[in-house]
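Novice: prediction below, plus the sequence it came from.
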Amino acid sequence: MQVYLPIAEMSVDALLLLGIGFGVGWLSGLFGVGGGFLLTPLLILIGIPSPVAVGSGANQTLGASVSGLIAQWRRGNVDVRMGTVLIIGGFFGSLAGVQLFAWLRRAGQVDLAVAIFYVVVLGGVGALMVRESVAAILRRKRSRPARLHEHLWMHGLPFKMRFRKSRLYISVIPPLGIGFAIGVLSAIMGVGGGFMLVPAMIYLLGMPTAVVIGTSLFQVVFVTANVTFLQAIQVGSVDIVLTLLLLAGGVSGAQFGAAMGTKLRGEEMRALLGALVLAVALSLLWDLLRVPEALFVIGPVP
Amino acid sequence: MKWLWLALLLVLAPAAVAQEAAVAPPSLAAELSVNRVEVTTAFSGSEILVFGATERLIGPEGDEVVVLVTGPETSMIVRQKVSVMGFWINGASARFNRVPSYWALASTRPVPAMLDRVERSELRLGLDQLPLVQLGAQGPTFRLALADLQQDAGLWVDRDRPIQVSGGRLFHARLPLPATVAHGIYQVQVMLVRDRRVVARQELRLDVVRTGTAAWIADIAREQPVLYGIACIILAAMAGWIGSVVFRRN
């Protein structure tokens, strides 16, 4: 069944979009991430213009994260104070990211920039996750007790603040910086940034794992809302029909994924997620390196 | 309107014959099957059907018909992909103004065989005859690339798409409209060629309009972006919340 997307100005098979939504939702339920990093490249692959894929991807991630956030909120797993600090950083980050995106679009390099961001960020994160989780699996066999959290130099910077739920007393500069970086990436890649935020919270901030997922969802919901809003008014590239079709498939898929996720162990899951992230990065890298089918591309005047 | 004209013709034609007036019957009469194509959320492409009749028999010795459809003009950028340190990136670009967003040509015989070059370029019958304004990078490759890509997208149609003739004098042409057509006013020109010259011409108008939900959404997104952005946030959040309620596992 073909459906006409009013902002993308093209018609796409609705079942294909529902299927993509379901598949990405299933994976995001399984791994507890928004799934934007898979969704945006898939949308570009089926011919959705990059700006629309990014704008609608952020919008879809917002919807997909809301249900997760509600569930985590009920269990009291959200550190609102830490989340707020991350959001303040994320707000300015997404503001800067959308400006950068609009500038890249005028320069005609948006496709390249999105692809390079994906390759570098996903490649880096994927490799780190695989390495870390494989090390954790190996360490488990030796069963060495781990410390509560490492104290890094950056925790001692000025403007210290107490985060009771995270059991932390650290400077607000690292969470602000992390929030800012995720905001920039969110605007350019159309992702929520959960797949980066979760490791950053664990390894850089030293937050307890229990509150990490809920707090990252809290930040992702607000940052993707901000990106959606800015993309809608500055680039005009959020396609609500596309978003809702993807969400329809996504929310059902997420429940199946979450049910399956409870059967996997943490380290194995992180290793699998890392491998998946790495695979997406490599396929996008291959797209940049291989000789393109058409040596010319046409587009509307931005 | 169409029927009114037909009725008028029926009434007036015998009267004209009776008066033996010098009013010659039209050498060409053409019409569109629809004057309005609606782009809705279920739109997946359509077709323009042009039909009509000629005075004399259609053939190389008699009358020949050319149909040219042009869509609203737009500006486009053609970018060349270049390899920089092994990466394929967008390199030089040329901007084209006055690009027809849709262009389709159909004829009873290939146009170069029935019209001279001068006449072809005056009437712009041929992709090489389009008066495109090229800015930025120069060179014919960009223009050729534009023509190739537009043809691949089905937006420019210049293949051997013959006009079907039945009964010697009735003709009809079907031109495909892909799902990606721009909305606006489309001009349909039907030309009658006799002895290597265009002797009669009829211009028809086709409106491609976005209607229904698709048009409504696109209008709001363009005219009220703030409202639209807020609506997108609320709708996505609602969809996520409803989904979590409906699919909750107890």
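Specialist: Sure, I can see it. Please read these numbers as outputs of a predicted model, since none were measured by experiment. Residues are numbered from 1 along each chain as shown, chains lettered A, B, ... in the order given.
Novice: correct me if wrong: B:Val198 contacts B:Leu192.
Specialist: Yes. B:Val198 is within contact range of B:Leu192, at 6.9 Å (criterion: Cβ atoms under 8 Å). In this view, the C-beta of every residue, glycine as well, is placed from N, C-alpha and C.
Novice: which of the two has more neighbours?
Specialist: Taking other Cβ atoms under 10 Å in any protein chain shown, B:Val198 and B:Leu192 do not tie; B:Leu192 has more neighbours (24 against 18).
Novice: the chain: strands as residue ranges?
Specialist: Unless you meant another one, I'm taking chain A. A:2-5, A:10-13, A:160-163, A:168-171, A:296-300 (DSSP state E).
Novice: my question was about chain B, not that one.
Specialist: Going by DSSP E, chain B shows strands at B:28-32, B:36-39, B:46-54, B:64-70, B:73-84, B:87-100, B:103-107, B:133-136, B:156-157, B:164-166, B:170-177, B:184-194, B:197-210.
Novice: what about stretch A:87-100, near chain B?
Specialist: No. For stretch A:87-100, no contact with chain B is found by Cβ under 8 Å from any Cβ of the partner chain; the gap never falls below 11.5 Å.
Novice: buried ones in that stretch?
Specialist: A:Ile87, A:Ile88, A:Gly89, A:Gly90, A:Phe91, A:Phe92, A:Gly93, A:Ser94, A:Leu95, A:Gly97, A:Val98 (16 or more other Cβ atoms under 10 Å in any protein chain shown).
Novice: show residues contacting it.
Specialist: Applying Cβ atoms under 8 Å, 6 or more residues apart in numbering or on different chains, the contact partners of stretch A:87-100 are A:175-188, A:218-219, A:222-223, A:226-227, A:230-231, A:234-235.
Novice: contacts with chain B among those residues, please.
Specialist: A:Leu230, A:Gln231.
Novice: just the contacts of stretch A:87-100: which are in helices?
Specialist: In helices, judged by DSSP state H, the following of the contacts of stretch A:87-100 are found: A:175-188, A:218-219, A:222-223, A:226-227, A:230.
Novice: list the contacts of whatever residue of chain B ends up closest to chain A.
Specialist: Nearest to chain A in chain B, going by Cβ to the nearest Cβ, is B:Gly243, at a distance of 2.6 Å. With contact taken as Cβ under 8 Å, 6+ apart, B:Gly243 is in contact with A:Gly63, A:Ser67, A:Leu247, A:Ala248, A:Gly250, A:Val251, A:Ser252, A:Ala254.
Novice: give me the neighbour count for the residue lying closest to the last one once chain neighbours are set aside.
Specialist: Looking back up the chat, that one is A:Ala254. Distances taken as Cβ to Cβ, 6 or more residues apart in numbering or on different chains place A:Gly29 nearest to A:Ala254, at 3.6 Å, with adjacent residues excluded. Applying other Cβ under 10 Å, we find 26 residues neighbouring A:Gly29.
Novice: over to A:Ile116?
Specialist: By the criterion of other Cβ under 10 Å, A:Ile116 has 17 neighbours.
Novice: residues touching A:Ala275, list them.
Specialist: A:Gly126, A:Val130.
Novice: would you mind measuring from it to chain B?
Specialist: According to Cβ to the nearest Cβ, to the nearest Å, A:Ala275 and chain B sit 25 Å apart.
Novice: relative to A:Gly257, how far out is that residue?
Specialist: 16 Å (Cβ to Cβ, to the nearest Å).
Novice: before we move on, what about A:Leu138?
Specialist: For A:Leu138, the distance to A:Gly257 - Cβ to Cβ - is 27 Å.
Novice: of those two, who's got more company?
Specialist: A:Gly257 (22 against 10).
Novice: verify the stated contact: that one with A:Ser28.
Specialist: Yes. At 6.5 Å, A:Gly257 and A:Ser28 qualify as touching, with contact defined as Cβ under 8 Å.
Novice: shared neighbours, the two?
Specialist: By Cβ under 8 Å, 6+ apart, no residue touches both A:Gly257 and A:Ser28.
Novice: that older thread, and the residue of chain B closest to chain A, what pLDDT?
Specialist: pLDDT for B:Gly243: 79.
Novice: is stretch B:30-39 anywhere near chain A?
Specialist: Yes. Using Cβ under 8 Å from any Cβ, stretch B:30-39 reaches chain A at B:Val39.
Novice: for chain A, longest helix please?
Specialist: helix A:110-142.
Novice: near chain B at all, it?
Specialist: Yes. Contact of helix A:110-142 with chain B (Cβ under 8 Å from any Cβ) involves A:Asp111, A:Leu112.
Novice: against which helices or strands is that helix packed?
Specialist: helix A:36-45, helix A:50-74, helix A:80-107, helix A:173-189, helix A:194-199, helix A:266-289, strand B:87-100 (3 or more Cβ pairs under 8 Å, 6 or more residues apart in numbering or on different chains; DSSP states H and E).
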